[in-house]
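Here is a sequence with its predicted model. Questions after.
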Amino acid sequence: MSEITVNPIDALLVSVLVLVIGNVLTRRIPLLEKYSIPQAVTGGLLCSLIILSIQNLGGPKITFDLALRDLFLLAFFSTVGLSAKFSRLKAGGRPLGILVVCAAVFLVLQNGTGVLIALGLGQHPGLGLFGGSVSLAGGHGTAIAWGQEAEAAGHPEAGLIGIAFATFGLVAGGVIGGPIGERLIKKHGLAPSDSEGDLSMMGKQGAPAAPLEPVTSKRIITTITIFAICISLGDIVNRAFFGAGVKLPGFLTAMMVGIIITNLADVFKKEIRQPDFDKVGEVTLQFFLAMSLMSMDLNSLGEAMGMVFLVLLIQILLISFFSAFIVFRIMGKTYDAAVICAGFTGLGLGATPVAIANMNAITAKYGPSFKAFLVIPLVGAFFIDLLNALIIKFFIGLPVMQNAHLSGT
């Protein structure tokens, strides 16, 4: 069979086309828009299916040179770090601290469940992490990033399985989050407190629009410079850790440098235009996802789909129980707690946008919840990725991981 390798520049052009097509499909297919499926996922999967069809019909095998993809990954996780301002955490107070502890406990349970299922199915326990927080709480970006590490360690199927979990988890998080919150509200007869009535949800309603600021060359150069510092220093830190015998993925050290930069800027009263980095982060993530998904070898994924759905079903039951019986009670069994549960479910199975969509669906029907719209985005923006990286590294270091054979246990 002949093979065609698409060079990095042409791969970038294909990814642009993938995003355009994905955007059109997402807008025209209500189900995709309802569950906040990223346009990169829609377009990327379609591209993979087309490539699979060409190959199965006797055409050439098409592969992509993904040299630019890793740069997009580092840029995205730099924006995650740059958004993690310590000053923002003060507003969350005690509820934020409690929810962070809940998130940490849940991530451990989620990974433990995935590992136990993998062992029960005779698979390498490391694959269980992809059926845990790597793909579900972490999302597509984290699944692909850790998938690269797993593939380098001898698990070529890990990235594909991670993408499958992340995709179906995103849908599941949007499907069950709202019903969980609504059931808690109806069961306990909950309603917003009087003090919530005149509070907008994180300034979304009634707040005057911020004046648009011109985009200048100085502003663009400053943004690029900060990204370059995050990526370059992150690489230096990564090599220093590697020299000391500690292996960390490059995206994690880039994120750590971003956290240091944004908080030093606060200390020295230097402005970092967060909206600029948020937009760049959104764009780089879309390109990273598009390039990863359009290059998937779907032939390798078919045999694993039965395991994917089994693990996902068990993880859905786990987060439903944890949200309704743990998070709801610890957060005070109030209306705010019920809305937080809807958001927490979105975080645990999908991503922050899914969590926000779940809470919007509840509050649009029953009334606002300022506390929920304060703590859930903070947990999603600041803590989830940090906790997830640390907990994943903890599980990787367990003896059961180190002693397992690459082909199974």
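Yep, it's here.

For the stretch 251-400 of the chain, which residues score under the pLDDT cut-off?
Within the stretch 251-400 of the chain, the ranges that satisfy pLDDT under 70 run 299-304, 353, 381.

where along it do the helices fall?
Secondary structure of the stretch 251-400 of the chain (DSSP state H, counting those that start in this stretch): helices located at 274-294, 305-322, 328-330, 335-349, 352-366, 370-378, 384-396, 399-403.

phi, psi of residue 215?
Backbone geometry at residue 215, expressed as degrees, to the nearest 10, gives phi -90, psi 110.

I'd like the helices of the stretch 251-400 of the chain as CSV, with distance to residue 226 and mean neighbour count appended.
All C-beta atoms are positioned from the backbone trio N, CA, C, and that covers glycine. Formatted as CSV, those follow (distance: least, C-beta to C-beta, whole Å; neighbours: other C-beta atoms under 10 Å):
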stretch, distance to residue 226, mean neighbour count
helix 274-294, 8, 21
helix 305-322, 36, 18
helix 328-330, 38, 16
helix 335-349, 27, 30
helix 352-366, 22, 21
helix 370-378, 22, 24
helix 384-396, 19, 20
helix 399-403, 36, 11
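
could you dump the ones you listed to TSV with distance to residue 159?
Shown next, in TSV, are those (distance: least, C-beta to C-beta, whole Å):
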stretch	distance to residue 159
helix 274-294	8
helix 305-322	13
helix 328-330	35
helix 335-349	19
helix 352-366	22
helix 370-378	28
helix 384-396	15
helix 399-403	18
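
With residue 136 as the reference, name the closest of those helices.
Proximity to residue 136, assessed across those by C-beta to C-beta, is greatest for helix 335-349 (5.2 Å).

Provide the secondary structure category for residue 4.
Following DSSP: H, G, I helix; E, B strand; the rest coil, the label given to residue 4 is strand.

ugh, wrong one, I meant residue 63
Taken by three-state DSSP, the conformation at residue 63 corresponds to strand.

so how far is residue 6 from it?
Between residue 63 and residue 6 the distance is 7 Å, computed by C-beta to C-beta, to the nearest Å.

okay, the two: which has more neighbours?
Just comparing residue 63 and residue 6: by other C-beta atoms under 10 Å the higher neighbour count belongs to residue 6, 17 against 14.

list the contacts for the more buried one?
14, 62-65 (C-beta atoms under 8 Å, 6 or more residues apart in numbering).

Enumerate the beta-bridge partners assigned to it.
Beta-bridge pairing for residue 6 (DSSP bridges): residue 64.

List the contacts of stretch 143-163.
73, 77, 124, 126-127, 129-131, 134-135, 138, 140, 165-166, 249, 251, 288-289, 292-293, 296-298, 300-301, 304, 307-308, 392, 406.

doesn't residue 350 make contact with residue 343?
No: with contacts counted by C-beta atoms under 8 Å, residue 343 stays clear of residue 350, the gap being 10.6 Å.
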